[in-house]
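Engineer: Need a 3D model of the sequence below.
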Amino acid sequence: MRERLIEYIDGLFSGAALNMRNAEIKEEILQNTLEHYDDLLSEGKSEQEAYDTVIQGIGDVRPLVEPEGSAVSAEAAPESQPSVPETAADETHPGLRGAVGGIWMLFTALYLLISFTTHAWHITWILFLIAPAVINILNAVLDAKSRPGSGRSAAIAALWLLTTALYFVLSFATGAWHLTWILFLIAGAATGLVSAIYDWKK
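Structural biologist: Got it, this is the predicted structure:
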């Protein structure tokens, strides 16, 4: 049955690009799946019951995977076309470029770890909304240090992106949609505070 699980996961990645990012994601999913399968067997479930349970827990991996032909990997064409993390990093502060890929891998690992642990796949995808906010916040900080005053717009954009991500996380986690919208009022006040700080620095 373990071989069937391996074949199933191989099938999920049949249309994926051959690059390091997809390979690491596949390995992470495979490892967590087999561990979950073994845990279910140790709890007394049959092989078929354990198989069906872990298959349902994997969910849809398409948002995590770079499809074949979407980008040329750095190994295949290092000079002709940058990989996805490098392309994204070109728009960030030079001091942050090397960390962008690592940040995305960290959030991908967190997504898989939390999802397999809690089975809250309908909530954990929001981590991928938080990752760009983290990158923008770091970019704004570095930008402000290197070019005083230029980080205002980036800081405000990061603030609103992070607020939106927190809104969805807290709303889905608590169900208190009638309260969590207050975050946007707080963000509005914080925006004014950020602008005041930048004006004061001038």
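
Engineer: Now the most centrally placed residue in the chain: which helix or strand?
Structural biologist: When Cα atoms, centre = their mean is applied to the chain, the residue found nearest the centroid is F128 (3.4 Å). Using DSSP states H and E, F128 sits within helix 127-146.

Engineer: ok so, going back, surely the residue nearest to the centre of the chain touches I103?
Structural biologist: No: counting by Cβ atoms under 8 Å, F128 stays clear of I103, with 11.4 Å between them. Quick note: C-beta positions are derived from backbone N, CA and C, even for glycine.

Engineer: domain assignment for the protein?
Structural biologist: Domain assignment for the chain by automatic domain parsing gives 1-71, 101-202.

Engineer: In the protein, what residue spans correspond to helices?
Structural biologist: Listed in chain order, the helices of the chain (DSSP state H) span 2-12, 20-42, 47-58, 84-89, 97-118, 121-124, 127-146, 152-174, 177-180, 182-201.

Engineer: Give me the phi and psi angles of K45.
Structural biologist: Here is the backbone geometry of K45 (degrees, to the nearest 10): phi -80, psi 150.

Engineer: what is the mean pLDDT for stretch 190-201?
Structural biologist: In this model, stretch 190-201 has a mean pLDDT of 76.

Engineer: sorry, that was for stretch 166-174
Structural biologist: 77.

Engineer: How far off centre is it?
Structural biologist: 16 Å (Cα atoms, centre = their mean, to the nearest Å).

Engineer: for the protein, which spans come out with low pLDDT?
Structural biologist: Scanning the chain for pLDDT under 70 picks out 63, 68-99, 139-154, 198, 201-202.

Engineer: Go again with 50.
Structural biologist: 71-90 (pLDDT under 50).

Engineer: Just give me the neighbour total for S195.
Structural biologist: 13 (other Cβ atoms under 10 Å).

Engineer: Ok, Y167 next?
Structural biologist: There are 19 residues near Y167, going by other Cβ under 10 Å.

Engineer: Grab the nearest non-local neighbour of it.
Structural biologist: L183 (5.0 Å; Cβ to Cβ, 6 or more residues apart in numbering).

Engineer: how close does the one you found sit to S171?
Structural biologist: 9 Å (Cβ to Cβ, to the nearest Å).
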